[in-house]
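fold the following for me, if possible:
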Amino acid sequence: MSSLTFKTQGVCSTHIDIETNDGIITSVVFNGGCNGNTKGISALVVGCEITSVIDKLEGIECKGRSTSCPDQFARALRSMIQD
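Predicted coordinates for the structure are as follows:
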C-alpha cells in the first residue's frame, strides 16, 4: 500500500490525499476545489489502474489555466509511479 499527500499548484484545491495498492487507486480526497466535481472524480477513479487514470486526466485545463484539478491528480499519480 502506498499513500501520498500532493500539494497542488494553480488550482482551487490545495492538496490531494491518495492511497493505492498494487497499482490500483483505493482512495482519493481532494481538499478544496469544486466539491461536487472533485467528489465525482474521486468516486470514478477508485478501483482503476493508476496508468489508465493518468492517460485520461493528464493535460485537462480549467478556466484558461494550463492545469486543472484532474490534471493535478494525474501529476500526483505520475509522481507515485516514478518514485
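
helices along the protein, start to end?
Listed in chain order, the helices found in the chain under DSSP state H are 35-45, 50-57, 69-82.

list the buried ones in the longest one?
Just to be clear, that refers to helix 69-82. Residues Cys69, Pro70, Asp71, Gln72, Phe73, Ala74, Arg75, Ala76, Leu77, Met80 are the ones in helix 69-82 that count as buried (16 or more other CB atoms under 10 Å). In this view, the C-beta of every residue, glycine as well, is placed from N, C-alpha and C.

could you dump those into TSV with distance to Val45 and pLDDT added?
Formatted as TSV, the buried residues of helix 69-82 follow (distance: CB to CB, whole Å; pLDDT from 0 to 100):
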residue	distance to Val45	pLDDT
Cys69	12	96
Pro70	9	97
Asp71	14	98
Gln72	13	98
Phe73	8	98
Ala74	10	98
Arg75	14	98
Ala76	11	98
Leu77	9	98
Met80	13	96
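
and those, which is closest to Gln9?
Closest to Gln9 out of these is Gln72 (7.1 Å), distances taken as CB to CB.

mind showing which ranges of the protein have poor pLDDT?
83 (pLDDT under 70).

roughly how far apart are the closest residue to Glu58 other than its chain neighbours and Thr67?
Once flanking residues are discounted, Glu58 sits nearest to Ala74: 3.9 Å by CB to CB, 6 or more residues apart in numbering. Using CB to CB, to the nearest Å, we find Ala74 at a distance of 10 Å from Thr67.

can you show me the CA trace of stretch 28-48 as PDB?
Taking Å, rounded to 0.1, in the frame of the first residue of the first chain, the C-alpha atoms of stretch 28-48 are listed here in PDB:
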ATOM      1  CA  VAL A  28      -8.700   9.900  -3.200                       C
ATOM      2  CA  VAL A  29      -9.700  13.000  -1.300                       C
ATOM      3  CA  PHE A  30      -9.400  16.500  -2.800                       C
ATOM      4  CA  ASN A  31      -9.100  19.200  -0.200                       C
ATOM      5  CA  GLY A  32     -10.700  22.400  -1.600                       C
ATOM      6  CA  GLY A  33     -11.800  22.800  -5.200                       C
ATOM      7  CA  CYS A  34     -15.300  22.400  -6.600                       C
ATOM      8  CA  ASN A  35     -16.800  20.000  -4.200                       C
ATOM      9  CA  GLY A  36     -19.100  18.100  -6.500                       C
ATOM     10  CA  ASN A  37     -16.600  17.800  -9.300                       C
ATOM     11  CA  THR A  38     -13.800  16.600  -7.000                       C
ATOM     12  CA  LYS A  39     -16.000  14.100  -5.200                       C
ATOM     13  CA  GLY A  40     -17.100  12.800  -8.700                       C
ATOM     14  CA  ILE A  41     -13.600  12.300  -9.800                       C
ATOM     15  CA  SER A  42     -12.800  10.500  -6.600                       C
ATOM     16  CA  ALA A  43     -15.800   8.200  -6.900                       C
ATOM     17  CA  LEU A  44     -15.000   7.400 -10.600                       C
ATOM     18  CA  VAL A  45     -11.300   6.500 -10.100                       C
ATOM     19  CA  VAL A  46     -11.400   4.200  -7.100                       C
ATOM     20  CA  GLY A  47     -10.700   0.700  -8.300                       C
ATOM     21  CA  CYS A  48      -9.000   1.900 -11.500                       C
END
